[in-house]
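> What follows is a predicted structure for the sequence shown.
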Amino acid sequence: MTSDSTLLQYDLGPGAEACSTRRESVLPFPVVQAHQVHGFRVAVVDRPDITRDALGDYDALVTGVPGCAVGVHTADCVPILIYNPVRRVVAAVHSGWKGTVQRISQKVLFVMKQEFGSRPEELRVAIGPAIGPDSFQVGEEVVQFFKEQGFPLEEIWHFRPGRSGIPMADGHHIDLFKANRWLLEEAGVPASAISVCGIDSYTDPSFFSARREGLSCGRTISCIRLI
């Protein structure tokens with residue numbers, strides 16, 4: 001990986017490189033990305049030169065091609081980078097609240113198993129910057145979606161009554177970090193193999209935040225490749 005002190009780098013062990021960009025970062029290598037639609041479709045990438053338009057609408061990318069970086073772009077949603085050092089396969093996942101409710105990370109693990117023989121206990125996972133639990137204020141209907149899909153509300157939800165006037169402070173809140181960790185652990189990924197950076201993109205100005213800046217803001221790129 002080329003040297004850039006602004007990159008947030010993840011240590012997933014030898015054989016893979018993974019990072020997230022900050023506002024001023026420059027990508028260290030070309031990254032395959034898709035058109036993200038807050039869905040749960042997963043694409044297997046078999047060549048590094050495929051364009052976003054040729055790839056189409058996907059919210060997760062999987063590849064076993066050495067040197068082919070796959071990535072997702074976020075501005076509060078959760079980026080998840082997955083590495084299997086045994087089967088030599090990596091994945092990049094875009095998991096906002098809609099993707100989380102649709103269990104996109106578990107669908108990625110299924111594709112990795114079907115296409116590469118990957119097993120959850122072999123994986124190493126990094127969860128990158130996203131809107132934090134104290135900042136992710138949601139409506140009651142969003143809480144209901146998580147409840148209907150079996151998420152442990154006692155672990156991922158909290159309610160702050162009152163009218164403090166502080167942006168995002170009161171009302172219902174969801175912890176997307178914990179929700180995605182729970183999905184991975186439920187699928188069989190060891191808790192010790194999951195690293196959560198815990199950076200709140202809403203409160204950290206070095207990362208883009210659609211809630212803080214508006215939907216037209218830039219995007220953080222989180223990517224991973226085999227080396």
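Sure thing, it's come through.

> Which parts of the protein are helices?
52-55, 97-101, 104-116, 140-148, 153-156, 176-186, 210-213 (DSSP state H).

> and of those, who's closest to Glu24?
helix 210-213 (15.0 Å; C-beta to C-beta). Yep, even glycine has a C-beta here, placed from its N, CA and C like the rest.

> Mean neighbour count for the helices of the chain - can I get that in CSV?
As requested, the helices of the chain are exported to CSV (neighbours: other C-beta atoms under 10 Å):
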stretch, mean neighbour count
helix 52-55, 11
helix 97-101, 21
helix 104-116, 20
helix 140-148, 14
helix 153-156, 14
helix 176-186, 21
helix 210-213, 17
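
> For those helices, could you give me CSV that also reports mean pLDDT and distance to Val31?
Below are these laid out as CSV (pLDDT from 0 to 100; distance: least, C-beta to C-beta, whole Å):
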stretch, mean pLDDT, distance to Val31
helix 52-55, 96, 10
helix 97-101, 98, 19
helix 104-116, 98, 17
helix 140-148, 97, 30
helix 153-156, 97, 30
helix 176-186, 98, 21
helix 210-213, 96, 20
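
> got these as CSV, with distance to Gln9 columns?
Shown next, in CSV, are the helices of the chain (distance: least, C-beta to C-beta, whole Å):
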stretch, distance to Gln9
helix 52-55, 24
helix 97-101, 24
helix 104-116, 21
helix 140-148, 31
helix 153-156, 27
helix 176-186, 19
helix 210-213, 24
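
> Can you pull up the most central residue in the protein?
Pro79 (1.7 Å; C-alpha atoms, centre = their mean).

> who does the spatially closest residue to it that is not a sequence neighbour bridge with?
Once flanking residues are discounted, Pro79 sits nearest to Ser222: 3.5 Å by C-beta to C-beta, 6 or more residues apart in numbering. Beta-bridge pairing of Ser222, defined through DSSP bridges, involves Ser20, Val72.

> Could you report the pLDDT at Ser222?
The model reports Ser222 with a pLDDT of 98.

> Repeat that for Ser3.
61.

> Also Val62?
Value for Val62, per-residue pLDDT: 98.

> Could you do Ser25 as well?
96.

> can you tell me which residues contact it?
Asp4, Thr6, Leu7 (C-beta atoms under 8 Å, 6 or more residues apart in numbering).
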